[in-house]
Each structure stands twice: as structure tokens, then as C-alpha cells.
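S.K.: Predicted model, plus sequence, below.
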Amino acid sequence: MSGFRIPKAFTMFGQRIQVKFVDDLIDGTDCVGLARLRKNVIELQTGTGPQIVRPREQTEQTFFHELVHWALDLLCEEELSKDEKLVDKIGSMLHQAFTTMEYDEVGAQKIDYARVMGS
């Protein structure tokens, strides 16, 4: 597994969403990620204390979990966004897909995307 590079920001439905790493999220909310919808921020817990660092895969999966909350809320699907089981399953699926994608870098350079996409 190659891992996924968590962005510092991205845009979804015209909203620029920042991703911030915080040290005290778990202390105040007892969670490791939070979609702050009114602030356009995803917060991710860096660790659970000065001596414990979260595994990269956990942090990546948490990012996708919070991304799903954003997507559902922006689609006006607030009730679905409250379904933590659904959000976690979709987030885990996206995490697995994005962290296991395989690329043919040499072959990709030879593709005529204008022809393939019909442009």
C-alpha cells in the first residue's frame, strides 16, 4: 500500500475546505476527526498524546470519513451525514480505493486523452 497524501485544502461544490492537524481534538470532543461545516475545515487528530502517534492509515481513513460528511452535507443529505456507520463504510471504501490505486506512469504519458475523452 502506497498511502495517500492528505491535502492541506481542496474545493468541493465551490467551497474551499482547509485540512488542519490538531493535537487536542480528542481531549475536547473524544474524536479523531471533525468536519467543521460552518468554518470550512476538516480537523484531524495527530496523536492521542505526546507519546502516542496515530498510524498513517488511521489518519488517512479519518480524512475520508470527514470528506464523506462534507459531501453528504453539501448534497443536502444531512440525515445520511448523521449515519456514522454509513459515513464510516463509505470513507473506508474511498480510503482503500485511493491508497491502492496502481498507475502505469510510462504508459500514461502515451495516452491521447483528447481522443479518449472525445474532445
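M.R.: Arrived safely. Numbering: from 1, shown residues only.
S.K.: Around L72, how many other residues sit close by?
M.R.: Using other C-beta atoms under 10 Å, L72 has 20 other residues around it. Yep, even glycine has a C-beta here, placed from its N, CA and C like the rest.
S.K.: and the helix or strand hosting it, average pLDDT?
M.R.: Following DSSP states H and E, one finds L72 within helix 56-74. Here helix 56-74 scores 94 as its mean pLDDT.
S.K.: all helices in this structure, in order from the N-terminus.
M.R.: 25-29, 56-74, 78-81, 84-100, 105-108, 113-117 (DSSP state H).
S.K.: Next, work out how far apart the nearest residue to E78 once chain neighbours are set aside and K82 are.
M.R.: For E78, ignoring the flanking residues on the chain, the nearest one in space by C-beta to C-beta, 6 or more residues apart in numbering is L72 at 7.4 Å. L72 is 9 Å from K82, where distance means C-beta to C-beta, to the nearest Å.
S.K.: quick one: low-confidence parts of this protein?
M.R.: For the chain, residues meeting the criterion pLDDT under 70 lie at 1-2, 27-30, 47-52, 106-113, 116-119.
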